[in-house]
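Colleague: predicted structure and sequence below. I'll ask about it afterward.
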Amino acid sequence: MSDLSLLSSPAPYHILSYGTLLGTTVYQSFVNGIVSYRALSRPQFSTLQAALTPVYFAIQTALPVVMAITYPGIKNLSPMGGANESNSLSGVLEPRNRWTVLAPIAGIFLMNVSNLVWAGPVTTRIMKERKHQETRDGKKYYDEGPKSKEMERLNKAFTRMHSFSAITNLIGLGITVWYGVLLSERLQ
C-alpha cells in the first residue's frame with residue numbers, strides 16, 4: 001500500500017498537471033481538431049473552434065503555472081548528505097534549474113499565453129470579419145472563383161494568424177515533451 005503522506009507533497013500534483021498539459025495538447029492538436037474538421041461542415045467547425053480554443057488556451061496557459069507552483073524539488077535521502085532542492089517556485093528559480101526546469105516551463109507558458117491573449121482573439125476577430133464580408137460579397141470565403149480584395153486580405157490574414165497559432169502550439173508541445181524527458185531523468 002502506498003504511503004498517503006505523498007499527497008501532502010507537491011510531486012503528484014506536478015506529475016498530474018504535466019500529464020494533463022501533455023494529454024490535452026496532443027488530444028486537441030491531433031484528435032479533436034482533425035476529427036472535428038472532417039466531421040463538421042465549415043461553419044459548424046468554425047463555431048466549435050471559436051468556442052473551444054479560448055478554453056483550450058486558458059487551460060494550456062494555467063497548467064505551466066500549476067507546474068511551477070507544484071515543482072517538487074529533490075529530497076536527498078542519502079546518508080552521505082547532500083543538498084536538498086527547494087520546492088515550488090523557489091526550486092524552479094534555483095540557478096541549477098535554469099535550463100532544465102525554468103526555461104521549459106517558461107517556454108511552455110509563453111507559447112500558450114501568446115495564443116490566449118493575442119493569436120486566438122485576433123484569429124477569431126478575423127473569422128467574424130470574414131463572415132461579414134461573405135454577406136457583403138454574397139459568397140463564402142472558400143467558394144471557387146474570384147474573391148473581393150477585402151476577402152483576399154482577410155483570407156491571408158487568417159492564414160497568417162492561424163499558422164502562427166499552430167506553430168506556437170507545436171513548439172509548446174515540443175517543449176512539453178522535452179520537459180517530460182528532463183523530468184523522467186529524475187526518476188532514475
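Modeller: Cool, the structure landed.
Colleague: which residues touch the most centrally placed residue in the chain?
Modeller: The structure's the chain has its C-alpha centroid closest to Gln60; by CA atoms, centre = their mean the separation is 3.9 Å. Contact analysis of Gln60 by CB atoms under 8 Å, 6 or more residues apart in numbering lists Leu21, Thr24, Thr25, Ile108, Asn112, Asn115, Leu116, Gly172. Using the backbone N, CA and C atoms, a C-beta is placed for each residue, glycine as well.
Colleague: so Leu154 sits against Arg125, correct?
Modeller: No - counting by CB atoms under 8 Å, Leu154 stays clear of Arg125, with 10.3 Å between them.
Colleague: between these two, which has more neighbouring residues?
Modeller: Applying other CB atoms under 10 Å to Leu154 and Arg125 shows that Leu154 carries more neighbours, namely 21 against 13.
Colleague: the more buried one: which element?
Modeller: helix 149-185 (DSSP states H and E).
Colleague: go through that helix and flag the buried ones.
Modeller: 151, 154-155, 157-158, 161-162, 164-165, 168-169, 172-173, 175-176, 179, 183 (16 or more other CB atoms under 10 Å).
Colleague: stretch 24-42 now?
Modeller: For stretch 24-42, burial by neighbour count (16+ other CB under 10 Å) applies to Thr25, Gln28, Ser29, Asn32, Gly33.
Colleague: find the nearest non-adjacent residue to the first one, please.
Modeller: It stands for Thr25. Excluding the flanking residues, the one nearest Thr25 by CB to CB, 6 or more residues apart in numbering is Leu173, at 4.9 Å.
Colleague: quick check: pLDDT value at that neighbour.
Modeller: What the model reports for Leu173 is a pLDDT of 98.
Colleague: cool, Asn87 as well?
Modeller: In this prediction, Asn87 carries a pLDDT score of 74.
Colleague: equivalent analysis for the one 3 residues further on, please.
Modeller: In the prediction, the pLDDT value recorded for Ser90 is 86.
Colleague: quick check: which element contains Phe45?
Modeller: With DSSP H and E as the test, Phe45 turns up in helix 42-69.
Colleague: would you confirm that His148 contacts His132?
Modeller: No His there; residue 148 is Ser. No - in this structure, Ser148 is not within contact of His132 by CB under 8 Å, at 12.0 Å.
Colleague: between these two, which is the more surrounded one?
Modeller: More neighbours surround Ser148 than the other of Ser148 and His132, with 14 against 11 (other CB under 10 Å).
Colleague: how about the contacts made by the nearest residue to that one once chain neighbours are set aside?
Modeller: Nearest residue to Ser148, sequence neighbours excluded (CB to CB, 6+ apart): Asp137, at 5.1 Å. Going by CB under 8 Å, 6+ apart, Asp137 touches Lys147, Ser148, Glu150, Met151.
Colleague: cheers, nothing more for now.
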